[in-house]
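K.L.:
Starting from these lines, generate the structure:
(one chain, ligands or ions: 1)
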Amino acid sequence: MGRKFFVGGNWKCNGTTEEVNKIVSTLNAGEVPSQDVVEVVVSPPFLFLPLVKTSLRPDFHVAAQNCWVKKGGAFTGEVSAEMLVNLSVPWVIIGHSERRLILKESNEFVADKVAYALSQGLKVIACIGETLEQREAGSTMAVVSEQTKAIAAKISNWTDVVLAYEPVWAIGTGKVATPAQAQEVHFELRKWLQANVSPDVAASTRIIYGGSVTAANCKELAAQPDLDGFLVGGASLKPEFIDIIKSAEVKKNA
Ligand SMILES: O=C(CO)COP(=O)(O)O
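P.N.:
You can find the predicted model right below:
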């Protein structure tokens, strides 16, 4: 149903000006499939967004890693959705597990952020995912469907949403979900969208996987039918990010 492969690079809280320039040069020199085949979005820390935006090749786009939950104002230390729009930053990552767990962002708070960012015209990479404890307790689907339900309750248009399934136990651990494990959750999430939002939204919304994705494991994951791309952490800071982008070809040839 024409879900374009999506590869996001989440740089998290990493980088100096020199390192950022180096990553951008590598990305700019990379030979990757055309924009018709893959959408590439990199997410540097706020401070580097203007630098990356002006120096990055035009077929790649940028995302912020967070934004404030409502209109800006007296909220020390926050960056508003309006500011991102003002700087022509098209995308924002919301609800990353590092923010949910370390900064205690609740399902409702994340959902409010998603709704507000969309209302301002931003496109949103909304992150969900279970912890190891939750997986071992057999509550993976209960957890990710609660997280998705909170978002679904507050938005009516999914066109500008990419859902990122990132099992917490796979993030930064080198312990990637197996293709079957990822496919199972992506399939269930799509089924959830079909039953609780609409068949159209289920068919058209991209569900991407994140958690220890590398050049070595991306192709097998990309081949899974309900997996529409990746949100890459550590490997997005390295030249192998180009190889991960190229895994979009797997889909094209599927
Ligand atoms: O959290 C992630 C992307 O948002 C994944 O991080 P890693 O690829 O470093 O495991």
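K.L.:
Helices along the stretch 51-200 of the chain, start to end?
P.N.:
Along the stretch 51-200 of the chain, counting by DSSP state H, counting those that start in this stretch, helices occupy 81-86, 97-102, 107-119, 132-136, 140-152, 179-196, 199-204.
K.L.:
hey, which of those helices is tucked in deepest?
P.N.:
Of all the helices of the stretch 51-200 of the chain, helix 107-119 carries the top mean neighbour count, a mean of 21, counting by mean count of other C-beta atoms under 10 Å. (C-beta placed from N, C-alpha, C; glycine too.)
K.L.:
what's near enough to touch A152?
P.N.:
By C-beta atoms under 8 Å, 6 or more residues apart in numbering, A152 lies in contact with 193, 196-197.
K.L.:
sorry, back to before: using a markdown table, lay out the helices of the stretch 51-200 of the chain together with mean pLDDT and distance to T54.
P.N.:
As requested, the helices of the stretch 51-200 of the chain are exported to a markdown table (pLDDT from 0 to 100; distance: least, C-beta to C-beta, whole Å):
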| stretch | mean pLDDT | distance to T54 |
| --- | --- | --- |
| helix 81-86 | 98 | 15 |
| helix 97-102 | 98 | 27 |
| helix 107-119 | 98 | 23 |
| helix 132-136 | 97 | 40 |
| helix 140-152 | 98 | 32 |
| helix 179-196 | 98 | 35 |
| helix 199-204 | 98 | 32 |
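K.L.:
The ligand is nearest to which of the ones you listed?
P.N.:
helix 97-102 (6.9 Å; C-beta to the nearest ligand atom).
K.L.:
The residue lying closest to H186 once chain neighbours are set aside: neighbour count?
P.N.:
Among residues not flanking H186 along the chain, D226 sits closest, at 3.7 Å (C-beta to C-beta, 6 or more residues apart in numbering). Using other C-beta atoms under 10 Å, D226 is surrounded by 19 other residues.
K.L.:
Please look at D226 and I207 and confirm they touch.
P.N.:
Yes: counting by C-beta atoms under 8 Å, D226 touches I207, with 6.2 Å between them.
K.L.:
Now the common contact residues for these two.
P.N.:
By C-beta under 8 Å, 6+ apart, D226 and I207 have these common neighbours: 186, 189-190.
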